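Chemist: Let me see the structure of the following:
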Amino acid sequence: MHQQRFSGSIRPADLDRSDDAHAVVTLLNAYARDAMGAGESLPEDVTQRLVPALRRVQDHLVLLARDGEDAVGLAICFQGFSTFRARPLLNIHDLAVLPSHRGRGIATALLAAIEAEARRRGCCKLTLEVREDNPRAEALYRALGFGAGSAGECSVQYRFIEKRLGSSA
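Modeler: Residues are numbered from 1 along each chain as shown. Okay, the predicted model is just below:
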């Protein structure tokens, strides 16, 4: 699979800037509407609370990919901790590229920027969840070194499960 090199810019979103805050909400909402997201728009109350809530989360990383002035990709990551390694880890919670811009190396560039920041923070690993019915994304992640584990580590596959709390969860 030949991957194009992204010629735009990747930078941390400044959530205090209205253009960056708007781009984060717009891109996340586009991802939510996508078949690989939730298949529907985010509720209005979520779009209103998102940026203020993200500002309060410590050790987050929000990256925007821009093609010129246009925001075309987004990564939202949260720092966690590996008790088995006694070091921080970085979880890629959302990675999204506008459908009109896919296949241009944007996700690869976002992942490279995430990895660089994780290394700078002294993280021992990156984690993410990928839908079983998203082979294109899984192929990209595997091509970039993601997998179930490496030699000397548990190579068991894990399932992501959840329990929703509250009526607005």
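
Chemist: Pairing partners for the strand ranked longest in the chain, with directions?
Modeler: If you go by DSSP state E, the chain has its longest strand at strand 70-82. Here strand 70-82 is paired, per DSSP bridges, with strand 60-67 (antiparallel), strand 87-97 (antiparallel).

Chemist: list the contacts for the residue nearest to Leu27 when sequence neighbours are not counted?
Modeler: Using C-beta to C-beta, 6 or more residues apart in numbering and skipping residues adjacent in sequence, the residue nearest Leu27 is Leu74, 4.0 Å away. Heads up, the C-betas are built off the backbone N, CA and C, glycines and all. Going by C-beta atoms under 8 Å, 6 or more residues apart in numbering, Leu74 touches 23-24, 27-28, 31, 62-65, 94-97, 110.

Chemist: returning to that earlier point: can you put the strands paired with strand 70-82 in JSON lines and add distance to Glu162?
Modeler: Shown next, in JSON lines, are the strands paired with strand 70-82 (distance: least, C-beta to C-beta, whole Å):
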{"stretch": "strand 60-67", "distance to Glu162": "20"}
{"stretch": "strand 87-97", "distance to Glu162": "13"}
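
Chemist: Turn those strands into JSON lines, columns for mean pLDDT, mean neighbour count and distance to Gln79.
Modeler: Converted to JSON lines, the strands paired with strand 70-82 look like this (pLDDT from 0 to 100; neighbours: other C-beta atoms under 10 Å; distance: least, C-beta to C-beta, whole Å):
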{"stretch": "strand 60-67", "mean pLDDT": "98", "mean neighbour count": "20", "distance to Gln79": "7"}
{"stretch": "strand 87-97", "mean pLDDT": "97", "mean neighbour count": "19", "distance to Gln79": "5"}
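
Chemist: can you give me the helices for this protein?
Modeler: According to DSSP state H, the chain carries its helices in the segments 18-33, 44-56, 106-120, 135-143.

Chemist: buried sites along the helix or strand of the chain with the lowest mean pLDDT?
Modeler: The helix or strand of the chain with the poorest confidence is helix 135-143; it has a mean of 91 (mean pLDDT, DSSP states H and E). Within helix 135-143, the residues that count as buried by 16 or more other C-beta atoms under 10 Å are 140-141.

Chemist: and the angle from it to strand 87-97?
Modeler: Relative orientation of helix 135-143 versus strand 87-97 (axes from the mean of the first three to the mean of the last three C-alpha atoms, to 10 degrees): 140 degrees.

Chemist: who's in contact with helix 135-143?
Modeler: For helix 135-143, contacts defined as C-beta under 8 Å, 6+ apart pick out 1, 3, 36, 95, 107-108, 111, 128, 130-131.
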